[in-house]
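> sequence plus predicted model, see below.
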Amino acid sequence: MVRAGAPMGIAGIYWRANRFCRDRRGVAAIEFALIVPILLIMYFVTMEASQAIETSKKVSRIGSMVADLVTQQQSVKTADLDAIMQIGNSTLQPYNRSTPKIVITAIKVTNETPPKVQVVWSRKMVDGAFSADAAKDSITTVPPTLEIRDTFLIRVESNLVYEPIITWTADNANRLGFSSVFAKIPMGETYFLRARRSPTIPCGDC
């Protein structure tokens, strides 16, 4: 059906094409549909980056705080170490998409030539479970600047695999399907501190 007053033939086709090109109705809706996905991506990336940075700071804070608490003790037991690691774990809240691994190791540098760097005792928390880590008298390493003969050190390692919220579900099913696009981010920090109130910090039941 041809509208009254509209040209016929080639002129009519040209007229309709020209009229279509000049018609601005619906442009705002099209622009909105094109821009919204970009804005949403920018929002999620900005939110995720800020959360990842904040979580990385908290992982570093875990190592610092746990090392500080342990080195204030004159002696410890496994229950003390487990409680300190649990306190460190709580500093991550409200982040709860993955759990940190915390390892506390007491280290002695022997008075030999050359000196040996040996484990005195070691305790760890992995997925909320506590257990012994490195065996007593096993050889470990410290930075060269800390390898001073006849000294005692506490080493605390805190590690976390950060899971972006866009890939995470409570049952780890990854239903959103973004796990291959947004990779998990490993975070970690290692602290060395010396005992403060005694030359060494023995552990009675480690």
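Perfect, I can see it now. Numbers count the residues shown, from 1 in each chain.
> longest single helix anywhere in this protein?
Taking DSSP state H as the criterion, the chain has its longest helix at helix 27-71.
> tell me what that helix is packed against?
Packing contacts for helix 27-71, counted by 3 or more CB pairs under 8 Å, 6 or more residues apart in numbering; DSSP states H and E, involve helix 78-90, strand 101-109, strand 151-162, strand 185-194. Where you see a C-beta, it was placed from the backbone N, CA and C, and this is true even at glycine.
> okay, which residue is most central for this structure?
residue 162 (3.4 Å; CA atoms, centre = their mean).
> what is that one paired to in the beta sheet?
residue 185 (DSSP bridges).
> coming back round to it: distance to residue 116 for the helices and strands packed on helix 27-71 - can I get that in a markdown table?
Listed next are those as a markdown table, based on distance: least, CB to CB, whole Å:
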| stretch | distance to residue 116 |
| --- | --- |
| helix 78-90 | 24 |
| strand 101-109 | 7 |
| strand 151-162 | 12 |
| strand 185-194 | 17 |
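> to residue 47, which of these lies closest?
strand 151-162 (13.7 Å; CB to CB).
> in the closest one, which residues are buried?
151, 152, 153, 154, 155, 156, 157, 158, 159, 160, 162 (16 or more other CB atoms under 10 Å).
> what do you get for stretch 197-206?
201, 203, 206.
> on that earlier part again, relative to strand 151-162, how tilted is the longest helix of the chain?
Interaxial angle of helix 27-71 relative to strand 151-162 (axes from the mean of the first three to the mean of the last three CA atoms, to 10 degrees): 160 degrees.
> hang on, the earlier thing: and which of the buried residues of stretch 197-206 is nearest to residue 103?
residue 206 (12.8 Å).
> you'd agree the closest one is up against residue 130?
No: using CB atoms under 8 Å, residue 206 is not in contact with residue 130; the gap is 11.2 Å.
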